[in-house]
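Q: Test case, fold it:
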Amino acid sequence: MGQVYSHLSEEERRIIRIEIGNGTSIRRIAGLIGRRASTASRGIKRNTWFPSNENESYRPYRPERLKTGPWTGRCHIAGPAHRKAGRRRARTRKPYRLASDRLWAWVAERLRRGWSPLLVSGRLRLEHPGDESMRRCPETICRWVCADKARRERRTRHLPRGHRRRRGAKGWGVAGSRIPLRTSIHERPCGPFDRSRFGEREADSVIGVGCDPHTEVERRTRFLMARIVPDKTARESVGVQFLMFSALPAGAGTGVTHDNGAEFARHAELRERLGMATYFAAPYPSCRRGGNENRNGAIRRYLPKRTRIDPSMADEIQAIVDETDNRPMRVLGYRTPAEAFADELLSLTEQQGCCTSK
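A: Alright, predicted model coming up:
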């Protein structure tokens, strides 16, 4: 069994008080009470009152007219010192910030859904605005997850990224494109980083073994839609886009920005049949379609690279999309993309109704 440590008792503090008055050295005092010199020194330092310190919780009575004498030096009184040490000991070790069962149950449930600590923290403020006990920062949640080995093994696999190592930036090259009638993203009315316009979309394919899920992300609300493309041809890709856009009301699909894959070679049909403007980003800077790349990364959490995908997985793909669209985002004020998209559709419907009535 290891060595057992204990705090100074009140009797030991009385001995310290007497010996301080006698001018005994700290090492001598420690020897008298059977303690280490460091223990005696800390006890004296922490619980000694100096008349010049008016903020201490206790001090002996000293009349205003008394300007000299032993009360003008440092004072160590056993009883008050022992009580002060007890109060300090009671408040030294605060509980973990997530020790509350109610709070941890809420956080753990969201982590199991795949939410990042940032989203968990923001959603706490949104759902419990007046409850200070249900408010924690992302760093606190991360530290809590990693504080215990068993908890870390259970929870870290639910975090968004499997690695945190930063990678070196790659240069943006310039590559030619064989896509006919290609319109550059620089000609789009809203710039690459302007998301104020509702109805603009970003399109891409999540490469898999077998079939490829085609993804469409609304730039303002980050609302994700996805369908499985049976084969990697331009005809199938544009057909899937027709199915996805035909269910949307007018005004919810004004334009779409693609990457430079050959599956988007028949993009002109979207302009001819749906009246949608089509644009293409530069070949390498993926940040020009950042929303789509982010949502594709969310899908990769469920379907890693080299995962076989076939048409029978349509329900599974839709379940992944629904879970992603119902996960809050900081950029949306911790609303979910589904909530933001529904609000935009409602606003669009009201605007169209007003125009029709006029």
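Q: Just the buried positions in stretch 213-232, please.
A: 213-229 (16 or more other C-beta atoms under 10 Å). From N, CA and C alone the C-beta is placed, and that goes for glycine too.
Q: Among these, name the ones in strands.
A: Judged by DSSP state E, these include 213-218, 224-229 as members of strands.
Q: Tell me the one of those residues nearest Leu345?
A: Of all those, Leu345 sits closest to Glu218, with 10.2 Å by C-beta to C-beta.
Q: Leaving out sequence neighbours, find the closest residue to the closest one.
A: Counting by C-beta to C-beta, 6 or more residues apart in numbering, Arg201 is the residue found nearest to Glu218 once chain neighbours are left out, at 5.6 Å.
Q: How about Glu236?
A: Glu236 sits nearest to Val229 (C-beta to C-beta, 6+ apart), 5.0 Å away.
Q: close enough to count as contact, that neighbour and Gly208?
A: No. Val229 lies out of contact with Gly208 (C-beta atoms under 8 Å); the separation is 9.9 Å.
Q: Now do the strands in the stretch 251-358 of the chain.
A: According to DSSP state E, counting those that start in this stretch, the stretch 251-358 of the chain carries its strands in the segments 255-258, 277-280, 308-309.
Q: Could you single out the most deeply buried of those strands?
A: strand 255-258 (a mean of 24; mean count of other C-beta atoms under 10 Å).
Q: Tell me which strands it pairs with, and in which orientation.
A: strand 200-205 (parallel), strand 277-280 (parallel) (DSSP bridges).
Q: Give me the contact list for the longest one.
A: Going back to what we said before, that points to strand 200-205. 188, 190, 212-220, 229, 232, 237, 241, 253-259, 261, 263-264, 289, 291-293, 296 (C-beta atoms under 8 Å, 6 or more residues apart in numbering).
Q: quick one: stretch 343-354 to chain centroid distance?
A: Distance of stretch 343-354 from its chain centroid, counting by C-alpha atoms, centre = their mean, to the nearest Å, is 32 Å.
Q: Please spell out which residues along it are buried.
A: 344-345, 348.
Q: In helices, which of the residues you listed appear?
A: Counting by DSSP state H, these place 344-345, 348 in helices.
Q: Return the item of those residues having minimum pLDDT.
A: Minimum pLDDT for these is recorded at Leu348 (85).
Q: between the ones in strands among the buried residues of stretch 213-232, which is nearest Pro249?
A: Glu218 (12.8 Å).
Q: Pick out the residue closest to the middle of this protein.
A: Nearest to the mean C-alpha position of the chain, by C-alpha atoms, centre = their mean, lies Leu118 at 1.2 Å.
Q: Which residue comes closest to that one once chain neighbours are left out?
A: Pro138 (4.6 Å).
Q: ditto for Leu103
A: Met134 (5.8 Å).
Q: Kindly report the same for Cys137.
A: Ser121 (5.6 Å).
Q: tell me the contacts of that neighbour?
A: Going by C-beta under 8 Å, 6+ apart, the list of residues near Ser121 reads 136-138, 140-141.
Q: so it, which of the three states?
A: helix (DSSP: H, G, I helix; E, B strand; the rest coil).
Q: ok, Gly23 to Ile179 distance?
A: If you measure Gly23 against Ile179 using C-beta to C-beta, to the nearest Å, the figure is 93 Å.
Q: who's more crowded, the two?
A: Ile179 (20 against 7; other C-beta atoms under 10 Å).
Q: ok, and the closest non-adjacent residue to the more buried one?
A: Per C-beta to C-beta, 6+ apart, closest to Ile179 is Ala265, 5.2 Å.
Q: okay but the one you found is in contact with Lys232, surely?
A: No. Contact between Ala265 and Lys232 fails when scored by C-beta under 8 Å: they sit 11.5 Å apart.
Q: Distance to Arg154 added to the buried residues of stretch 343-354, as CSV?
A: Below are the buried residues of stretch 343-354 laid out as CSV (distance: C-beta to C-beta, whole Å):
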residue, distance to Arg154
Glu344, 38
Leu345, 39
Leu348, 43
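Q: Name the nearest of these relative to Ala40.
A: Of the buried residues of stretch 343-354, the one sitting nearest to Ala40 (C-beta to C-beta) turns out to be Glu344, at 70.3 Å.
Q: before we move on, the earlier item: tell me which element the residue nearest to the centre of the chain is part of?
A: helix 117-127 (DSSP states H and E).
Q: neighbours around Arg273, how many?
A: Around Arg273 there are 12 residues (other C-beta under 10 Å).
Q: unless I'm mixing things up, it is touching Gly239, no?
A: No. At 11.0 Å, Arg273 does not count as touching Gly239 under the criterion of C-beta under 8 Å.
Q: Quick one: residues contacting His258.
A: 202-204, 264, 267, 278-281.
Q: Bridged to it, which residues?
A: Here His258, judged by DSSP bridges, has bridge partners Phe280.
Q: which residues in the stretch 101-250 of the chain form helices?
A: Applying DSSP state H, counting those that start in this stretch to the stretch 101-250 of the chain gives helices spanning 101-112, 117-127, 138-147, 149-155, 234-246.
Q: Tell me what angle the last one forms with strand 212-218.
A: Going back to what we said before, that points to helix 234-246. Compare the direction of helix 234-246 with that of strand 212-218 by axes from the mean of the first three to the mean of the last three C-alpha atoms, to 10 degrees and you get 40 degrees.
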